[in-house]
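>>> pasting the sequence and the predicted model now:
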Amino acid sequence: MEELRLPWNNRDGILYGGVIAIITATIMCEFNLCRTMGGMTVETIIMGLATVPLLVVIVMLLMTFIVGRVADMFVRRFTMPGDSFYTKIVFNIIACVLMMSMIMTVVGPTVGHLMEGVLTADPIFAWPGNWPVNFCVAFWVEMLVAQPAARYVMKQRHIRVLKSTGARA
């Protein structure tokens, strides 16, 4: 039987990735806005929520075409076939968060600036100071919130599917 907590097909993969992308993009966007704009205000929350849909699309595209594929290679390279589910998940999270945080530390602020009608190189110059913080926060967001939520959604979906087909979970 397939693992209930992971996607079984492309449709599941979109749902799984979407849950992770929405949670992570929202938290990281709001975190970075609050950090750079001096705290959490109604203005920063609204600005972040306006930016999140575009960031989710960018994250989903990056995960599908670049980051997800490289992370799969990383997991296969550094884990053994008999390794536990959680070992593979942790290696996947490390690879994905490492790459996504590196990319999104530049892309996120650039999208924000472009939405304000400004093109600036500031995100590139700020990258060395911002990336370590973003990696650390994104890692724990993935480990403690986004991945468990996505696995819960998958498990519930697969249990419903199995019940409707009369199979056992």
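Structure received.
>>> mind checking what helix or strand follows the helix or strand containing residue 77 in sequence?
Element membership of residue 77 [criterion: DSSP states H and E] is helix 68-78. Counting by DSSP H and E, the next helix or strand C-terminal to helix 68-78 is helix 85-115.
>>> tell me what that next one is packed against?
helix 10-36, helix 42-62, helix 68-78, helix 122-141 (3 or more C-beta pairs under 8 Å, 6 or more residues apart in numbering; DSSP states H and E). From N, CA and C alone the C-beta is placed, and that goes for glycine too.
>>> what is the burial count for residue 98?
Here the number of neighbours of residue 98 (other C-beta atoms under 10 Å) works out to 18.
>>> ugh, wrong one, residue 120
As a burial measure, residue 120 scores 12 neighbours (other C-beta under 10 Å).
>>> kindly report the same for residue 6.
By other C-beta under 10 Å, the residues close to residue 6 number 18.
>>> so who does the residue lying closest to it once chain neighbours are set aside touch?
The shortest distance from residue 6 to any non-neighbouring residue, by C-beta to C-beta, 6 or more residues apart in numbering, is to residue 154 (6.1 Å). By C-beta atoms under 8 Å, 6 or more residues apart in numbering, the contact list for residue 154 reads 4-7, 12, 15-16.
>>> name the element residue 154 belongs to?
Element membership for residue 154 (DSSP H and E) is helix 147-165.
>>> repeat that for residue 7.
Short version, using DSSP H and E: residue 7 is in no helix or strand.
>>> quick one: it and residue 19 touch, right?
No: shown here, residue 7 and residue 19 do not form a contact pair, counting by C-beta atoms under 8 Å, at 10.6 Å.
>>> now residue 15. Nearest residue, chain neighbours left out?
Spatial nearest neighbour of residue 15, excluding adjacent residues (C-beta to C-beta, 6+ apart): residue 153 at 6.6 Å.
>>> again but with residue 124, I slipped
What sits nearest to residue 124 in space, not counting adjacent residues and going by C-beta to C-beta, 6+ apart, is residue 106, at 5.9 Å.
>>> the one you found: how many residues sit nearby?
Residue 106 has 17 neighbours, counted by other C-beta under 10 Å.
>>> pLDDT weak spots in this protein?
For the chain, applying pLDDT under 70 flags the ranges 1, 168-169.
>>> run through who's touching stretch 20-27.
Stretch 20-27 is contacted from outside by 48-49, 52, 55-56, 59-60, 63, 100, 137-138, 141-142, 145-147, 149-150, using C-beta under 8 Å, 6+ apart.
>>> try it again at 6 Å.
52, 55-56, 59-60, 141, 145-146, 150 (C-beta atoms under 6 Å, 6 or more residues apart in numbering).
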